[in-house]
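J.: Here you go, sequence then predicted model.
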Amino acid sequence: MAALVGGAMALTGVGVAAVAAPDTGSGIAPGTAPAADAAADYTWGNVEIVGGGFVPGIVFNQGEPGLAYARTDVGGAYRLDPGGDRWVPLLDHVGWDDWNHSGVLSIATDPVEPDKVYAMVGSYTNSWDPGDGAVLRSSDRGETWQATDLPFQVGGNMPGRGMGERLAVDPLDNDVLYMGTEGGHGLWRSTDAGVTWSEVTAFPNAGNYVQDPSDPNDYLTSNQGVLWTVFDPSSGTPGSPTPTIYVGVADTENNVYRSTDAGATWERVPGQPTGFLPHKAVLDDVGGQLYVATSDTGGPYDGGKGDVWRLDTTSGAWTQISPVPSSSADAYFGYSGLTIDRQHPDTVMVVSQISWWPDIQVYRSTDRGESWSSIWEWDGYPNRKLRYDLDISGAPWLDFGKQPAPPEPSPKLGWMTESFEIDPFDSDRFLYGTGATVYGGENLTAWDSGGTVEIGVRAQGIEETAVQDLLAPAGDVELVSGMYDIGGFVHDDITQVPSSFYAQPYHSGVLSLDAAGEKPAVMARAGQGDGAESHLGVSTSGGSSWWAAQEPAGVTGAGTVAVNADGSRVLWSPEGAEVHVSTTLGSSWTASSGVPAGARVEADRVDPDVFYAFAAGTFYTSDDGGATFAASTPSGLPATGNVRFAAAPGHAGDVWLAGGEADGTYGMWRSTDHGATFAPVAGVDEGDTVGFGKAAQGRDYPAVYTSSRIDGVRGLFRSDDAGATWVRINDDEHQFAWTGSAITGDPDVYGRVYVGTNGRGIVVGDFSGTEPGPDPTDPPTEPTDPPTEPTDPPTDPPTDPPADVACEVAYDVTGSWPGGFQGSVRVTNTGTGPIVGWSVAWDFTAGERVNQAWGGTATQDGTHVVVEAPGWRTDLAPGEAADVGFTATVPGEAGAPTAFEVAGTTCTSG
C-alpha cells in the first residue's frame, strides 16, 4: 500500500520542512468566546522513518532542471527540493471530510510554465469511498491548490494505479490537458489549464479490462480505463494544440490509439501488438520512436508475462524489443518503469513490473532496444553477477530484518516498480519508486563502461505509513509506533531513522501497543503478518529487545493489549479467543470472566489491580488484575463506530473515552471513578482520539490531546485544564487527512504531540509559544510548618534471623528447532518466609547458550547461568511462584540441568 509537510521554515528538532500557516485555529471554551489562537505556536513535521509505502509515479519536469514530483497511493504528493534533496509534502491541507484526496492517481508538471502542477486525486472507485474525485491545480509548485470536482470516482489506491501517467499537459499549448479515467468514463480534456473538463466524446474506447469481475470485496471489479496520453511535439508548433497524440487503454486487443488532428478524431494504431496491457509509453520525438511496455495484468501486485514494443512513427512499423520475450521459457514477469535518456534518446530502460523472486530486473539498451544488458545476471546458480551496489543506510530497516539467502538478496532492489525515470537534463541521475521507498543514484552511465551503478535511498521526506497506535513512554525512549505493512519502530530520537523495525516476533502489522504506567520499560505489542510466530511481543527493556509470548488457544489476530501499572500483568483481547490475563509476561494465560471477546482493553496508569474494557456501548472494570470484570451502568456511550479510550497518567480511576459515528452517538466522555459513571466533555461534537502529555507548568493534570470536532471545528486540539477549555493546535494547511487512529502527547516535552495518520506517517507538532500558568481556580497552598526533629532514637534491629529458604524449581524445554530451543524455569517458594531478592542459577551440560530471556535478567559465564529477579517482582512470598522463559542455542540436543540454586540455597527439582 501506500506517504509527506510542505514548507519553508526548518522545524527544529524534527528534521523536516514546515510551514508557519495563517491563523485559522481557535481556542474554544464551551459556551464562551473563542480563546487565544494556539495554531500559530505550532510547527509540524514528521517522526523520521523515510519511506514506508508504494510510490507508483515519479515525474520530472521537461522544462526546468531539478524539478520533480512523486505521487503516492494513499499519502499525497511530494515535490523534490533540489537544494536539500528532500521531498516536500504538498497535500497536507487535505482534511477529514475530503480524506480521499490523499490518494493520487496521477500527477503532471507543466513543461512550459514549471510553476504549474496538477494532481488527479481520489482513493477508491467502489463503495469504500463515498466521494468523487477531483483535479487539483497549483500555480506555485504545490504550495497552494484549487480544485475542480469530477462527476466520478478516482482510484488512487485501486488496482492499476501504477500505470500511466493518466494526466498530461500539452507541451505546445499548455492550457490543454488530457486525463484518462477509470470505470468506463473515457478520456477527458481541459482547454483552460485544468479549470473545467469535458469528455472527449470522439474517443472510441473507455477500456474493458477488469481484474476480477466476481471479487466479493468489490476491489478488483473496476474497469481500469484509459491509462496514458503522450504528445508528439514534432507534429506542431508552439501556441497551438499538438496535432499528434497517442493514448493507451486497458484493453488487451485495442490498446493504443492516435489522433493527428489535436483530438478531433481517433484511430486504433494499425499493426499494434495485442494480448497485453500497455502500462507505460514514452516518445522519442527526435528519433520518431514510440516505446510501449506491457504486462498481462494491471498490477501492481501481480503480472507474469509481457513485452516491450517500439513503433516507428514515420513508417508505422512495430518491432518487438523485449529483453525477455513473453514467448520465452524464461519469461515470468511483465514490464513497466519505461524511460528514455532525453540527452541520448537511443538509450532506453525498462523494469520488470513485478518480480518477487529473487529480485526485480532492470534492463538498459543504448541502441533503441536492439540489444539489452541487465542489472544482474546469473553467475552459476545461486550466485549472481551484479552491475550495482545498493546502499540502504538512508533507511536501514529496508532489509526487513532478513539475511541474504542466495540467490535472494537482502535488501532487494525493489518490487512493484512501476516508475523508473532518468533525469531529462542529466544522463547520470535516476530515481525509481518501489513498494516501500524511492531509490536512485547519480552515476547511471557507469553501466555502459562496465562500472558499478551506485544506488541509494532517495526517499528522505516521504513518510507514507498507515499508523495504528502510538506510545510515548517517559524516559529515554521518545516514541513507539505500530503501523501496517512495516510493523513499527522504537524511536530513541524522532529525528533519526531507526535501524530496524520489530523482530522476535516479526509483525508486518502492529495494531496495539502498551507500556506499564509506572514501569514503562515493560511493553507489549499485538500484531500480525504472514508467518508470524506469535501475535504478541513483550519487552522488559523499553523495546530494545522483545520475545514472542505464548498464545491462548484459538488466537487468529492481534486484537488489543494492555499492561498494568507495575508491569506485572498483561491483559490481551486477541481476535479469535476470549480476553486473557497473564501474570508471567505472556508465558501462560488465564481466561478473564465477565468481559466479552473482542472488547477493547486498557490499563489504569496508577493502580496495578485495575484494567478496563469496552464493547458495544458497555464499559467494564476489573479490580483484581484482570481476572474478573464487572459492567458499569452508565448509558449514553456509543454502541457503534470507532471507540478509543485511555486512562490518564498519574490519576487513578481517571478514564477518557472518545468515539461513535455520524447520525448516532458521537462525542467524548470522562470518568473519575474507574468507569462507574461518565460525564460528557462539553463542546466535543465528534470525539475520535484522546491522549495525554506533559502538564503545563504549575499544573498537576496532564495536557489532553484529541483529534475531534469541537464546537463545529474539526481539528487537533489540546486542553491544559482537563477539558474545561480547548485550543486548536493545527490550522487548515496542516490537516493530514484522516487522523483518527492514535494521538499522544510527549510526557517529557510540554506541548509536543504525536498524531497517527493513514498514509502520512507519524506527524509531530512542536509548541513554541508560552506555556499557560497555574490554573487560576486553584487556591494557593498554605506554607506548612517545617518538620520537627525526631526525638525518639530508632528501635534496635530485629534479633530474629530470617526464615530458612526452601524452594522448588521446575525446568522444561517448551519448543525446539535445529540449533536452538525454548525453555522455561518455574521457581516456587515452599518455605515459611519470603525469599527476598530471589535469583535462580544452574549449569548447562551440553554447550547451551542463552540468547534472550524474559521474566528476569539472565547472565551466563561458561556453563553457569544466573537469572536475577525482575525489578517489578523482587520477592517471593511463601507459596508464590515466578516463571522465567528463555531461548538458547545448542550444538546438538539440549541437556537437562540437574541442580538449581535459589538465593544461594539448593532447591529440589521437579
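T.: Nice, I can see it. Owing to the predicted nature of the structure, the values given are computational and were not obtained by experimental measurement.

J.: quick one: contacts for the residue nearest in space to the middle of the chain?
T.: With distances taken as C-alpha atoms, centre = their mean, the residue of the chain nearest its centroid is residue 465 (2.3 Å). The contact partners of residue 465, taken as C-beta atoms under 8 Å, 6 or more residues apart in numbering, are 3, 49, 52, 53, 483, 484, 485, 486, 759, 761, 762. Any C-beta I mention is one placed from the backbone N, CA and C, and that applies to glycine too.

J.: Quick one: these as CSV, columns for distance to residue 205 too.
T.: CSV is the format used below for the contacts of residue 465 (distance: C-beta to C-beta, whole Å):
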residue, distance to residue 205
3, 33
49, 42
52, 37
53, 32
483, 40
484, 36
485, 35
486, 39
759, 32
761, 39
762, 44
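
J.: which among those gets closest to residue 242?
T.: Checking the contacts of residue 465 against residue 242 with C-beta to C-beta, the nearest one is residue 3 at 32.8 Å.

J.: Could I get the full set of strands for the stretch 51-200 of the chain?
T.: For the stretch 51-200 of the chain, the strands defined by DSSP state E, counting those that start in this stretch cover 57-60, 68-71, 77-81, 86-89, 104-109, 117-121, 134-138, 146-149, 167-169, 177-180, 187-190, 198-199.

J.: Out of these, which gets nearest to residue 862?
T.: That would be strand 86-89 among the strands of the stretch 51-200 of the chain, by C-beta to C-beta, at 51.2 Å.

J.: What pairs with that closest one, parallel or antiparallel?
T.: strand 77-81 (antiparallel) (DSSP bridges).

J.: Let me know the angle separating the partner strand from strand 117-121.
T.: Angle of strand 77-81 versus strand 117-121, following axes from the mean of the first three to the mean of the last three C-alpha atoms, to 10 degrees, is 150 degrees.

J.: Can you give me every residue that contacts residue 478?
T.: Here residue 478 is in contact with 472, 491, 492, 493, 494, 746 (C-beta under 8 Å, 6+ apart).

J.: can you redo the strands of the stretch 51-200 of the chain as CSV with mean neighbour count?
T.: Shown next, in CSV, are the strands of the stretch 51-200 of the chain (neighbours: other C-beta atoms under 10 Å):
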stretch, mean neighbour count
strand 57-60, 24
strand 68-71, 27
strand 77-81, 25
strand 86-89, 27
strand 104-109, 28
strand 117-121, 28
strand 134-138, 22
strand 146-149, 13
strand 167-169, 25
strand 177-180, 28
strand 187-190, 23
strand 198-199, 12
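
J.: quick one, which of those is nearest to residue 211?
T.: strand 104-109 (16.1 Å).

J.: Quick check: mean pLDDT of that closest one?
T.: Summarised as a single mean, pLDDT over strand 104-109 is 98.

J.: Not counting its own residues, what contacts it?
T.: Residues contacting strand 104-109 (C-beta under 8 Å, 6+ apart): 57, 59-62, 67-73, 76-77, 91, 116-122, 133, 154-156, 158, 161, 164-169, 177, 179-180, 182.

J.: Report the spatially closest residue to residue 494, excluding sequence-adjacent ones.
T.: residue 47 (4.4 Å; C-beta to C-beta, 6 or more residues apart in numbering).

J.: Report how many residues lie close to residue 660.
T.: 23 (other C-beta atoms under 10 Å).

J.: Tell me which residues touch it, please.
T.: 638, 640, 641, 642, 643, 666, 667, 686, 687.

J.: Isn't the third one up against residue 664?
T.: To tie it back to what came earlier, the one meant is residue 641. Yes - at 6.7 Å, residue 641 counts as touching residue 664 under the criterion of C-beta atoms under 8 Å.

J.: out of the two, which sits in the more crowded spot?
T.: residue 641 (14 against 10).

J.: for the more buried one, what are its contacts?
T.: Per C-beta under 8 Å, 6+ apart, neighbours of residue 641: 659, 660, 661, 664, 665, 666.

J.: Need the pLDDT of it.
T.: pLDDT at residue 641 comes out at 95.

J.: ditto for residue 674
T.: pLDDT, read off for residue 674, is 98.

J.: phi, psi of the closest residue to it other than its chain neighbours?
T.: Excluding the flanking residues, the one nearest residue 674 by C-beta to C-beta, 6+ apart is residue 653, at 4.0 Å. Main-chain dihedrals, residue 653, degrees, to the nearest 10: phi 80, psi 10.

J.: what about residue 653, how many neighbours?
T.: So residue 653, with other C-beta under 10 Å, has 19 neighbours.

J.: shouldn't it be in contact with residue 607?
T.: Yes - in terms of C-beta under 8 Å, residue 653 counts as a neighbour of residue 607; the distance is 7.3 Å.

J.: before we move on, the earlier item: tell me who's in contact with the closest residue to the residue nearest to the centre of the chain other than its chain neighbours.
T.: Residue nearest to residue 465 in three dimensions, not counting chain neighbours: residue 52, with 4.0 Å by C-beta to C-beta, 6+ apart. Shown in contact with residue 52 (C-beta under 8 Å, 6+ apart): 3, 436, 437, 462, 463, 464, 465, 483, 485, 486, 761.

J.: Am I right that residue 439 is in a strand?
T.: Yes - membership of residue 439 in a strand is supported by DSSP: H, G, I helix; E, B strand; the rest coil.

J.: That one and residue 428, how far apart?
T.: 15 Å (C-beta to C-beta, to the nearest Å).

J.: ditto for residue 295
T.: From residue 295 over to residue 428 (counting by C-beta to C-beta), the distance is 28 Å.

J.: For the two, indicate the residue with more neighbours.
T.: Set side by side, residue 295 and residue 428 show more neighbours around residue 295, with 29 against 16, by other C-beta under 10 Å.

J.: Residue 648: what's it in contact with?
T.: Here residue 648 is in contact with 605, 654, 655, 656, 692, 701, 702, 704 (criterion: C-beta under 8 Å, 6+ apart).

J.: ok, the nearest residue to the fifth one once chain neighbours are set aside to residue 606 distance?
T.: Spelled out, it's residue 692. Nearest in space to residue 692, with sequence neighbours left out and distances taken as C-beta to C-beta, 6+ apart, is residue 702 at 4.1 Å. Distance check for residue 702 against residue 606: by C-beta to C-beta, it reads 12 Å.
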